[in-house]
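Student: Fold the following and give me the result.
(one chain, ligands or ions: 2)
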Amino acid sequence: MSAPKRLSPNDPNSFSNPENVRVDHMHMKWNVDFAKKIIGGQVTYRLLPVTQPVQQIVFDTRQLTVNSVKSSDGKALLFKLGDPVLNFGQPLSIDVGSLFNSGSSSVEIQVDYETSPECSALQWLDAEQTAGKAHPYVFSQCEMIHARSLLPCVDTPFSKCTYTAEVTVPKALQALMSAEVSKDIVEVSDKKTNKFEQKVPIPAYLIAIAVGHIKSKKIGPRTTVWSEPEFVDASAYEFAETEEMLNAAEQLMGKYVWGVYDILVLPPSFPMGGMENPNVTFATPTLLAGDRSLANVIAHEISHSWTGNLVTNINFEHFWLNEGFTVYAERKIMSILKGEKFRQFECIGGWKSLTDCINTMKSDNPMTKLVTDLTGLDPDEFFSVVPYEKGSVFLYYLEEKVGGPAVFEPFFKHYIQENQFKSIDTDVFKKMFIDYFTNNLRISELIKDIDWDTWLYTTGMPPVKPSFDTSLADVCIELKNRWMEWDAVEPCPFSKGDLRKFFSQQITEFLAELLEEEVSLSKVQAMQTVYDFNSYKNCEIRFRWLRLCLKAKWEAQVPLVLQFVTEQGRMKYVRPLYREMYNWEEIRPRAIDHFKKTRSSMMSMSATIIAKDLHL
Ligand code: BES
Ligand code: ZN
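Tutor: Numbers count the residues shown, from 1 in each chain. Ligands and ions are numbered 1, 2, ... in the order given. As a prediction, this is how the structure comes out:
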């Protein structure tokens with residue numbers, strides 16, 4: 001077998017050639033067919049030459065049927081679908097040389113195609129799988145490289161374009177896309193057509209669509225929450241701080257350029273906590289904790305409106321420029337809303353999950369580097385908290401290094417303003433940081449000993465652990481210590497009151513602390529008797545509690561774990577729990593059996609990854 005190749009010079013995972021010819025705008029005309037579980041129609045692309053001569057445009061595709069390709073005057077164009085390569089799909093090469101030869105500076109082509117029912121970007125839900133049980137639902141998740149299974153496209157964040165769309169759906173349903181929705185709706189017999197416009201150029205991974213029986217409620221001057229009718233009020237309550245968060249983000253990073261910021265709460269099988277689709281964040285219903293304690297996910301997705309959606313990683317090898325910067329901004333927003341001590345508390349939790357993750361992955365794993373090599377690798381598989389937490393702690397370290405927030409924040413804003421609408425790599429950031437501070441003699445002296453190469457290109461934990469204010473974490477650590485010191489023989493000295501003054505995130509942190517220790521089965525059982533963690537619905541608490549039970553090999557809790565990995569689909573929870581069950585030999589067959597029985601109701605990208613985790 002030959003060594004894997006980089007598919008294109010700028011992106012190891014894309015066949016496209018944006019360095020030669022660029023897509024400037026796309027118009028999608030889609031019909032959403034719930035009976036066949038396919039989306040089909042036409043996409044019109046406006047192409048601009050970058051380097052001469054232009055012979056071909058190459059699109060990424062996966063599992064698509066291409067019916068025809070035409071120029072704007074209706075002439076058929078020659079096209080070829082190449083052989084599939086690994087998980088990357090197939091290149092669609094279209095001869096456009098003749099169109100550019102006639103001297104035009106911009107040309108239009110139209111592709112007529114349809115998706116397959118196995119489209120990895122989409123999940124189709126039957127009516128019974130929704131809360132209302134009366135209407136089907138479909139939603140997309142295109143990041144990292146699933147946009148190519150939804151439409152032929154330049155599926156690399158190297159390239160950005162604007163789009164417009166007309167989406168025809170059954171009359172009872174509403175379509176949303178990662179764009180502004182137009183009030184102008186066309187109804188014909190039992191169908192209706194929703195129209196959309198995304199005026200800001202975006203990478204393909206930010207294309208998104210959801211269609212279902214969804215209703216809305218306005219919760220702020222630029223924010224509407226959308227969900228199945230059952231969850232609208234709970235969503236409005238949970239995300240009431242959105243406008244305040246947007247204001248904090250603007251203070252930190254500059255004007256919000258996208259217009260509206262809406263939130264769509266999806267059915268429980270949505271595989272992420274949140275996805276920063278422009279104009280409408282997609283969110284899991286597991287955020288509806290009832291006490292706004294999980295709203296940091298919204299702060300995170302809001303932050304992506306700058307870090308990621310405006311300043312975009314050039315390819316997913318520099319994913320930390322998206323996620324590390326976003327975690328950093330998310331915690332700054334929380335600091336503005338809840339105080340600096342709260343931010344410090346979140347950083348402590350972040351360091352802990354980084355330690356846990358690197359221990360599991362092993363510290364010589366190349367995927368523990370901040371900047372990775374994705375040649376021949378599916379970016380979905382390398383996904384971990386490393387770009388998030390190693391990335392954000394690097395920025396925290398730099399913040400301290402230059403003298404604190406008052407010095408670093410103006411640089412952060414400058415970085416955003418200078419790079420917005422672009423796609424950049426890590427060197428652009430590094431150079432901008434160094435240049436920004438060179439004129440300041442005192443600071444340029446302070447930053448001289450930053451070990452860039454170890455931070456960016458070396459595996460394992462970061463070279464430096466910054467110190468964090470522990471004042472909100474102390475009670476968690478104290479309670480953990482008391483549990484660890486108790487010999488489980490003397491009468492149980494604990495009571496429900498121990499947690500009375502804890503806010504939800506502190507309970508989460510207490511459990512995270514315990515996960516770093518060896519806690520005996522009898523202690524975990526005593527904890528259930530005293531605190532009744534089984535009755536907690538908060539997903540962060542539930543996740544850590546169930547992990548603790550699995551670690552202690554408490555067999556009677558396994559049905560609760562199986563229930564938790566089925567009633568919601570967040571990969572963040574489902575993957576570690578399945579992995580933990582796989583590692584427990586007596587339970588392994590049950591876990592595998594359960595997965596096989598339930599995989600058809602999972603999103604296909606999640607099922608694929610979990611099947612790998614379970615060595616199926
Ligand atoms: N962009 C990510 C979601 C994502 C990552 C989708 C990788 C596909 C591949 C999103 O912004 C995210 O990070 N969500 C987190 C939120 C958290 C870090 C606050 C999640 O889903 O848990
Ligand atoms: Zn993110």
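
Student: In which helix or strand does the nearest residue to Arg590 once chain neighbours are set aside reside?
Tutor: In this structure, Arg590 finds its nearest non-sequential neighbour in Val558, 6.8 Å apart by CB to CB, 6 or more residues apart in numbering. All C-beta spots, glycine's among them, are computed from the backbone N, C-alpha and C. Assigning secondary structure by DSSP states H and E places Val558 in helix 558-567.

Student: follow-up on the earlier one: mind listing what the residue nearest to Arg590 touches?
Tutor: Leu550, Met581, Ile587, Arg590 (CB atoms under 8 Å, 6 or more residues apart in numbering).

Student: Tell me the pLDDT of it.
Tutor: Looking at Val558, its pLDDT stands at 98.

Student: low-confidence ranges in this structure?
Tutor: The model of the chain has pLDDT under 70 over residues 1.

Student: which bits of it sit near ligand 2?
Tutor: Proximity of the chain to ligand 2, by CB under 5 Å from the ion, involves residues Glu323, Thr326.

Student: Name the residue of the chain with the shortest distance to ligand 1.
Tutor: Gly273 (2.8 Å; CB to the nearest ligand atom).

Student: how close does that residue get to Thr284?
Tutor: Using CB to CB, to the nearest Å, we find Gly273 at a distance of 5 Å from Thr284.

Student: Could you do Arg590 as well?
Tutor: According to CB to CB, Arg590 stands 26 Å off from Thr284.

Student: Checking my notes, Phe345 in a helix, right?
Tutor: Yes. Counting by DSSP: H, G, I helix; E, B strand; the rest coil, one finds Phe345 located in a helix.

Student: Secondary structure element holding the nearest residue to Gly220 once chain neighbours are set aside?
Tutor: Closest residue in space to Gly220, ignoring its immediate chain neighbours: Glu243 at 3.7 Å, by CB to CB, 6+ apart. Using DSSP H and E, Glu243 sits in helix 242-253.

Student: Quick one: list the elements packing against that helix.
Tutor: Using 3 or more CB pairs under 8 Å, 6 or more residues apart in numbering; DSSP states H and E, the elements in contact with helix 242-253 are strand 215-220, strand 223-227, helix 296-303, helix 320-338, helix 405-419.

Student: Give me the angle between it and helix 405-419.
Tutor: Angle, helix 242-253 to helix 405-419, by axes from the mean of the first three to the mean of the last three CA atoms, to 10 degrees: 90 degrees.

Student: How about the contacts made by the nearest residue to Ser303 once chain neighbours are set aside?
Tutor: Excluding its sequence neighbours, the residue lying closest to Ser303 (CB to CB, 6+ apart) is Ala329, at 3.7 Å. Counting by CB under 8 Å, 6+ apart, Ala329 touches Ala249, Leu252, Met253, Ser303, Trp306, Thr307, Phe412.

Student: So which bits of the stretch 301-450 of the chain are right by ligand 1?
Tutor: Within reach of ligand 1 by CB under 6 Å from any ligand atom, the stretch 301-450 of the chain has these residues: Glu301, His304, Glu323, Phe383, Tyr388.

Student: Would you confirm that the third one contacts Gly391?
Tutor: Yes. Using CB atoms under 8 Å, Glu323 is in contact with Gly391, at 6.1 Å.

Student: Domain ranges for the protein, per the record?
Tutor: If you go by automatic domain parsing, the domain ranges for the chain are 1-210, 311-457, 553-616.

Student: export those to JSON lines and tack on distance to Phe502?
Tutor: Below are the domains of the chain laid out as JSON lines (distance: least, CB to CB, whole Å):
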{"stretch": "domain 1-210", "distance to Phe502": "31"}
{"stretch": "domain 311-457", "distance to Phe502": "12"}
{"stretch": "domain 553-616", "distance to Phe502": "21"}
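
Student: Let me see the ranges of the strands in the stretch 251-400 of the chain.
Tutor: Secondary structure of the stretch 251-400 of the chain (DSSP state E, counting those that start in this stretch): strands at 262-265, 274-275, 280-283, 311-313.

Student: Which stretch among these is buried most, on average?
Tutor: Each of those was scored by mean neighbour count; the highest is strand 280-283, a mean of 26, by mean count of other CB atoms under 10 Å.

Student: Is the helix holding Glu243 in proximity to ligand 1?
Tutor: No. Taking CB under 6 Å from any ligand atom as the criterion, helix 242-253 and ligand 1 are apart, separated by no less than 12.6 Å.

Student: Just the buried residues of that helix, please?
Tutor: Going by neighbour count (16 or more other CB atoms under 10 Å), the buried part of helix 242-253 is Thr242, Met245, Leu246, Ala248, Ala249, Leu252, Met253.

Student: Quick check: Asp11 is in a helix.
Tutor: No. Counting by three-state DSSP, Asp11 is not found in a helix; it is coil.

Student: Enumerate the residues of the stretch 101-250 of the chain near ligand 1.
Tutor: Counting by CB under 6 Å from any ligand atom, the residues of the stretch 101-250 of the chain near ligand 1 are Glu143, Met144.

Student: mind redoing it with 8 Å?
Tutor: Gln141, Glu143, Met144, Tyr205 (CB under 8 Å from any ligand atom).

Student: from those residues, which single one is nearest ligand 2?
Tutor: Glu143 (8.9 Å; CB to the ion).

Student: you'd agree that closest one is up against Tyr205?
Tutor: Yes. Shown here, Glu143 and Tyr205 form a contact pair, counting by CB under 8 Å, at 4.3 Å.

Student: quick one on the thing from earlier: include distance to Lys572 and neighbour count when you put the residues of the stretch 301-450 of the chain next to ligand 1 into a markdown table, please.
Tutor: Below are those laid out as a markdown table (distance: CB to CB, whole Å; neighbours: other CB atoms under 10 Å):
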| residue | distance to Lys572 | neighbour count |
| --- | --- | --- |
| Glu301 | 14 | 26 |
| His304 | 17 | 25 |
| Glu323 | 13 | 24 |
| Phe383 | 10 | 20 |
| Tyr388 | 11 | 25 |
